[in-house]
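Q: sequence and predicted structure below; questions after.
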Amino acid sequence: MKYAFSTLGLPGTPLARSAALAAEHGYDGLELRGHPEEPLHPDSPGADRVAARRTLAAAGVAVLGVAGYAEVAAAGEDGPVLTELRSLVRFAADLEAPYVRVFPGGGSLPQADADAHAVRRLGAAASYAERHGVRLLLETHDSHATGAAAARVLERVGHPGAGALWDVLHTWLGGEEPSESWHHLAPHLGYVQVKDVASAEELTPLALGAGAVPLADVTSRLPPGGWLCWEYEKRWYPAAAELPGQLTRGREYLLRLLRERRAAEAEPAGSPGGRGEQPRHDHGGQDGVSGD
C-alpha cells in the first residue's frame, strides 16, 4: 500500500514544505488541493509547474491527484464545467498526477437530473482525460455521497477515463456499510480517502483511530498496491490540531491495520484472529495514535 496526505490539512503551505513533510514522515505522495487559495493551482503559470516537478522529484514524493472543485452534477450549462475539467486535467498532467478529484454537487436537483448532468459531463471529459494520462474521479460526496450513488453514474459513463474516489467519511455519513461501499466502488476505484471524526454530528477532524469512522472495516477490504490518502480538513476546521505532528502516527496506524488484516488472513479459519475477524479499530489514543 502507498500513503499520501491532502494539502487541505496544510492550507496555504508552499509545495516544498508539504513535500518535505511527506518525505520526512514516510508518505509516498501528496493530494494537492487545486484551489486558487493555494500557492500552486490550476491557473499557475507553466514555469511554476516545472519548478513544482523539480521540487517533488528532489523530495522523492509523487502527486497522487489534484483535488479539484468542479461539480459535474450541478445545475447550469455544461460549458463552464467542461472548461474547468480540462483545466484540472492539464494541471494534473503537468504534475504527472494520475488522478483529478471532482465533486458531484447535485444539491437539491432531482436524482435523475443530477445523474444525467454527471453522466453527460464525465462522458464528455473522460476521453480528454485519458489522452492526458489522467483519470477523473467522482468523489463520494454531497448529492452522491454513497458508493451506490457514485457507481450508478459511473456505470452509465462506462469509460476508463472516469472512476471513483471513495471518501470513507461520506459513505459512512450516508448510512452505507464499508462492505456495501466496496461492493459498489471496487470496479471503479481510483483511490481511498481516509479521515476520522468523533461522530456524525461532530465533524472536526481527529487523528486517525481517535474517532468513530470504521477505518478498520475499510482497510480490511482493500487490495495491496493501492493508495490511501489522509484528508485532514484543517482548512475548514482551523481550531483542529495541527497536522504535521500527527503525520507519522497516522501512517503507522494505517500500516498497523493492514498488518493486522494480513495476520488474520494467515491464520487458519477456525483459530482466534483467523478469517472472518475484522482488524480492531483503536479509539482514543491510548497507544499513541492520537494527535498532539
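A: Yep, that arrived. Numbers count the residues shown, from 1 in each chain.
Q: residue 138: how many residues sit nearby?
A: Neighbour count for residue 138, taken as other CB atoms under 10 Å: 27. From N, CA and C alone the C-beta is placed, and that goes for glycine too.
Q: identify the bridge partners of it.
A: On the basis of DSSP bridges, residue 138 is bridged to residue 102, residue 164.
Q: hmm, it is touching residue 146, no?
A: No - using CB atoms under 8 Å, residue 138 is not in contact with residue 146, being 11.8 Å away.
Q: quick one, helices of this protein?
A: 15-24, 46-59, 78-94, 111-131, 147-157, 168-173, 178-185, 215-219, 247-266 (DSSP state H).
Q: nearest to residue 33, out of these?
A: Comparison of these against residue 33 by CB to CB identifies helix 15-24 as nearest, at 9.9 Å.
Q: any buried residues in that closest one, and which?
A: 15, 16, 18, 19, 21, 22 (16 or more other CB atoms under 10 Å).
Q: could I get the helices of the chain as TSV with distance to residue 193 and mean pLDDT?
A: Compiled in TSV, the helices of the chain are given as follows (distance: least, CB to CB, whole Å; pLDDT from 0 to 100):
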stretch	distance to residue 193	mean pLDDT
helix 15-24	16	98
helix 46-59	20	98
helix 78-94	16	98
helix 111-131	19	98
helix 147-157	13	98
helix 168-173	7	98
helix 178-185	12	98
helix 215-219	10	96
helix 247-266	12	91
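Q: let me have those in JSON lines, adding distance to residue 238 as columns.
A: Below are the helices of the chain laid out as JSON lines (distance: least, CB to CB, whole Å):
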{"stretch": "helix 15-24", "distance to residue 238": "18"}
{"stretch": "helix 46-59", "distance to residue 238": "26"}
{"stretch": "helix 78-94", "distance to residue 238": "26"}
{"stretch": "helix 111-131", "distance to residue 238": "31"}
{"stretch": "helix 147-157", "distance to residue 238": "29"}
{"stretch": "helix 168-173", "distance to residue 238": "19"}
{"stretch": "helix 178-185", "distance to residue 238": "30"}
{"stretch": "helix 215-219", "distance to residue 238": "24"}
{"stretch": "helix 247-266", "distance to residue 238": "18"}
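Q: between these, which one is closest to residue 225.
A: helix 247-266 (11.4 Å).
Q: what is the closest one packed up against?
A: strand 2-6, helix 215-219, strand 227-230 (3 or more CB pairs under 8 Å, 6 or more residues apart in numbering; DSSP states H and E).
Q: now with 10 Å?
A: Packed against helix 247-266 by the contact rule (3 or more CB pairs under 10 Å, 6 or more residues apart in numbering; DSSP states H and E) you find strand 2-6, helix 15-24, strand 189-194, helix 215-219, strand 227-230.
Q: pull the longest strand from the chain.
A: Secondary structure of the chain per DSSP state E: the longest strand is strand 62-71.
Q: with just CA atoms, put it into PDB.
A: In PDB, the C-alpha atoms belonging to strand 62-71 read as follows (Å, rounded to 0.1, in the frame of the first residue of the first chain):
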ATOM      1  CA  ALA A  62       4.700  12.000  -6.100                       C
ATOM      2  CA  VAL A  63       1.400  13.900  -6.700                       C
ATOM      3  CA  LEU A  64      -1.300  11.300  -6.300                       C
ATOM      4  CA  GLY A  65      -4.000  13.600  -7.500                       C
ATOM      5  CA  VAL A  66      -5.300  17.100  -7.800                       C
ATOM      6  CA  ALA A  67      -8.400  17.800  -5.600                       C
ATOM      7  CA  GLY A  68     -10.500  19.900  -7.900                       C
ATOM      8  CA  TYR A  69     -13.700  21.700  -7.200                       C
ATOM      9  CA  ALA A  70     -15.600  21.100 -10.500                       C
ATOM     10  CA  GLU A  71     -19.200  20.000  -9.800                       C
END
